[in-house]
Structures are given as structure tokens and as C-alpha cells.
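*Asks:* need a 3D model of the following:
(one chain, ligands or ions: 2)
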Amino acid sequence: MGEVTEFDQAFIQDPEHRPTLSISEAEGIPLIDLSPVVLNSSDPSSSDEAVAEVVRQIGRACEQWGFFQVINHGVPLQLREKIFRTSKEFFAQPLEEKRKVRRSEESVCGYFDTELTKNVRDWKEVFDFIAEDPTIVPASPDPDEKDVIHWHNQWPQYPPHFRETCEEYIKEVEKLSLKLMDLIALSLGLPAKRFNNYFKDQTTFIRFNHYPPCPAPELALGVGRHKDGGALTVLAQDEVAGLQVKRKSDGEWIRVKPAPNAYIINVGDVIQVWSNDKYESVEHRVMVNSEKERFSIPFFFNPAHYTEVKPSEELINEQNPPKFRPYKWGQFLTHRKLTNFKKLNVENLQTYHFRIQN
Ligand SMILES: O=C(O)CCC(=O)C(=O)O
Ligand SMILES: [Fe+2]
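*Replies:* Numbering: from 1, shown residues only. Ligands and ions are numbered 1, 2, ... in the order given. Next up is the predicted model:
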């Protein structure tokens with residue numbers, strides 16, 4: 001990020017959205033041990049009681065929090081350490097080096113340090129890459145758009161092995177994500193592989209986040225309040241706290257305490273729609289601090305662009321009518337990418353725009 005001398009207006013949150021610096025730490029966000037699923041069985045629909053207990057825990061966590069942490073998740077610790085090192089080495093370079101792989105409106109992957117969340121600038125710099133190269137998406141967010149375009153990765157020269165490390169990481173976290181989708185499907189009373197096909201031509205992307213120390217942490221945010229629009233987010237964070245989650249029970253902002261080597265999982269808008277509101281996508285934001293920099297790596301597990309997102313038919317009946325109109329995932333994704341890139345005079349697309357008013 002560029003040197004900021006006077007605190008730049010563009011980063012300042014409206015008073016009602018500024019972070020409270022002294023808030024309580026979450027005891028409540030469940031920590032779930034995945035070893036029964038990862039170690040003992042490759043088939044999560046097996047009748048193993050330990051697996052059934054994991055499914056119950058996940059169901060409860062999705063309903064009560066929309067967030068949980070997992071340990072014994074199967075992603076090798078060495079790989080996690082390697083990818084954090086890679087991210088740190090990349091961001092430690094001079095700005096002009098990083099800008100060689102800069103993101104643009106047409107090329108959405110790469111380095112970016114002026115992202116907006118709800119039209120306010122975030123105190124962060126990011127590097128984005130996609131899991132499938134190319135990733136196919138609609139040419140525009142127009143709901144009638146028929147043309148598609150291809151997104152490609154842009155890989156930096158430095159640090160060495162950047163691309164290989166990222167590709168290795170994608171493979172491991174994708175495995176975990178599919179496993180989590182199985183468990184979530186089971187927790188909804190659906191077959192384990194119910195959602196599998198939607199990810200065949202996935203639009204998953206991964207982000208390296210770097211939050212530098214901020215001279216005015218009471219005015220700005222690392223990421224402004226938002227919900228993740230995709231299916232599932234699998235987040236690795238370092239030991240510096242910053243993530244805050246809006247607790248469903250009372251609307252309080254709660255800090256998530258980093259658990260060593262755990263992943264933080266949250267339900268995105270797509271699962272909210274698939275579950276017909278049983279599991280809600282919960283608002284969260286990132287606080288920055290004046291002393292320490294922070295690094296995080298979210299993996300946004302997203303379906304194919306042509307997926308028509310709608311409440312699962314098996315969950316719908318007279319007592320539980322559909323709460324959303326179907327929408328195309330590709331339209332939502334491309335709209336979000338555009339509004340995060342530049343300031344627009346429209347509110348960005350939210351799932352409540354598709355909500356059926358009863
Ligand atoms: O850095 C974090 O802890 C979370 C980032 C986040 O919520 C996002 O990038 O969507
Ligand atoms: Fe997020």
C-alpha cells in the first residue's frame with residue numbers, strides 16, 4: 001500500500017459502522033474436531049456414530065452462528081505454513097513490483113490495494129487467484145447476458161514457487177471444502193453428495209489478505225461489514241486477531257479468537273438459499289490495529305457460473321415455502337467483482353433482492 005500521511009477520507013467508516021476497540025471475545029464459536037471424518041472414513045455417509053456426532057455439531061453451528069472452526073481438518077500444517085510464507089514474501093516487495101501483476105476490470109486476478117466494501121475503502125492489500133484456470137463467467141452482470149468470458153491467473157515472478165504452492169494449496173483446501181459440503185448436506189437431512197455437481201465448473205477463488213498496521217484503527221476497517229456471497233468460506237488466519245462476527249442471538253460484534261492451525265468456516269449466501277434460510281450467512285468484518293500487521297487467506301468455494309441458486313426442493317413444503325426466487329450465480333459473482341473494483345452509485349447486489357416477500 002502507498003504511504004498515507006494524512007488519514008485519507010476514503011477509508012473512514014460512517015460512525016455507526018466504526019469498530020469498537022474493546023469488545024468481547026467469542027467463547028461461543030464452536031470448535032469442531034473433524035478427525036472422525038478425515039482419519040477414519042473417506043465416506044462421510046457411513047453409519048459411524050462419531051461421524052454422526054460431527055454432522056450434528058456442524059448443523060448446530062450453522063444454525064446458531066453461521067460460523068465454526070475446524071481442527072484435524074486434513075490440510076497439512078507444512079503446506080499452510082508454506083503458503084503464509086509465500087503471501088508474506090510477495091507483499092513485502094516494493095509496490096511497483098506488486099503492481100506488475102495488478103488486477104484490472106477485465107482481469108480480475110492479481111494484486112489490488114484499493115478494494116471497496118460498500119463503497120468505503122478497506123485498509124488492506126490483496127492478491128487473488130482462481131482455482132480453475134480458466135474460470136468461465138458471464139461477460140457482464142446483465143441477467144440476460146449470453147456471452148461468457150474466461151478469467152485467467154496472473155502469477156508473479158517472486159517469490160519462487162509461488163504458483164506451485166498456490167496450486168498445491170488449492171487441491172488440499174478443495175478436498176476439505178467438498179467434505180464440509182457433504183457434512184452440511186447430511187446435517188440438512190440430504191444425501192451427502194447433494195451439492196457436489198454444482199462445483200464441477202467451480203468459480204472458486206482464493207485471496208491473500210494483508211492488513212498493514214493502521215494509524216487510525218478506530219475509524220477504518222480492514223474489511224467493512226459484509227456477508228460472503230458464495231457457498232462456503234474456508235479461512236486461514238494468522239495469530240493476530242481481527243475478525244469480528246455479528247452474533248445472531250443479539251446482534252453484538254464478537255471477536256474470533258485465533259485457534260492455532262484451525263480453519264474458520266462460514267456459510268455464505270448460496271448455502272443460505274440452498275437451505276431455505278435454515279443456515280444464515282452472517283455478517284462479519286475485520287478490525288485493524290496500529291501495531292501489528294495481519295495476514296489471512298480465505299478460500300471462497302463457489303459453484304459454476306451457470307448454477308441457478310434456489311432453495312433445495314427436498315426442503316420445501318406447505319409449511320416451509322421457498323423464501324428466495326432463483327438467481328444465476330454468475331450474475332451475482334460478476335456484479336460483486338465490479339462493485340468491489342470501483343465506486344458505483346448503486347448498492348451492490350445482495351441476496352435479499354431475491355427474497356420472496358410473504
Ligand atoms: O481476514 C479475515 O479474517 C476475513 C476476510 C473476509 O471476511 C473476506 O475477505 O471476505
Ligand atoms: Fe468475508
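*Asks:* is it true that residue 209 touches residue 122?
*Replies:* No: taking contacts as Cβ atoms under 8 Å, residue 209 lies outside contact range of residue 122: 9.1 Å. No exception for glycine: its C-beta is placed from N, CA and C like everyone else's.
*Asks:* any common contacting residues for the two?
*Replies:* 222, 223, 286 (Cβ atoms under 8 Å, 6 or more residues apart in numbering).
*Asks:* next, the contact list for the residue of the chain most remote from its centre, please.
*Replies:* Residue farthest from the centre of the chain, counting by Cα atoms, centre = their mean, is residue 318 at 33.0 Å. Listed by Cβ under 8 Å, 6+ apart, the contact set of residue 318 is empty.
*Asks:* where's it, which helix or strand?
*Replies:* According to DSSP states H and E, residue 318 maps onto no helix or strand at all.
*Asks:* what does the model give it for pLDDT?
*Replies:* Listed pLDDT for residue 318 reads 95.
*Asks:* for the residue most central in space within the chain, phi and psi?
*Replies:* The centre of the chain sits closest to residue 233, judged by Cα atoms, centre = their mean, with a distance of 3.7 Å. Dihedral pair for residue 233: phi -110, psi 130, per degrees, to the nearest 10.
*Asks:* what's the distance between the residue of the stretch 251-358 of the chain found nearest ligand 1 and residue 30?
*Replies:* Nearest to ligand 1 in the stretch 251-358 of the chain, going by Cβ to the nearest ligand atom, is residue 296, at a distance of 3.4 Å. For residue 296, the distance to residue 30 equals 20 Å [Cβ to Cβ, to the nearest Å].
*Asks:* so between the two, which is more surrounded?
*Replies:* Between residue 296 and residue 30, residue 296 has the larger neighbour count (other Cβ atoms under 10 Å), namely 25 against 17.
*Asks:* my read is that one is in a strand, agree?
*Replies:* Yes: counting by DSSP: H, G, I helix; E, B strand; the rest coil, residue 296 is part of a strand.
*Asks:* so it touches residue 234, yeah?
*Replies:* No: counting by Cβ under 8 Å, residue 234 is not a contact partner of residue 296; they are 11.4 Å apart.
*Asks:* just give the number of residues close to the residue nearest to residue 224 when sequence neighbours are not counted.
*Replies:* The shortest distance from residue 224 to any non-neighbouring residue, by Cβ to Cβ, 6 or more residues apart in numbering, is to residue 117 (3.6 Å). Applying other Cβ under 10 Å, we find 20 residues neighbouring residue 117.
*Asks:* quick one, what contacts residue 117?
*Replies:* With contacts defined as Cβ under 8 Å, 6+ apart, the neighbours of residue 117 are 221, 223, 224, 225, 226, 340.
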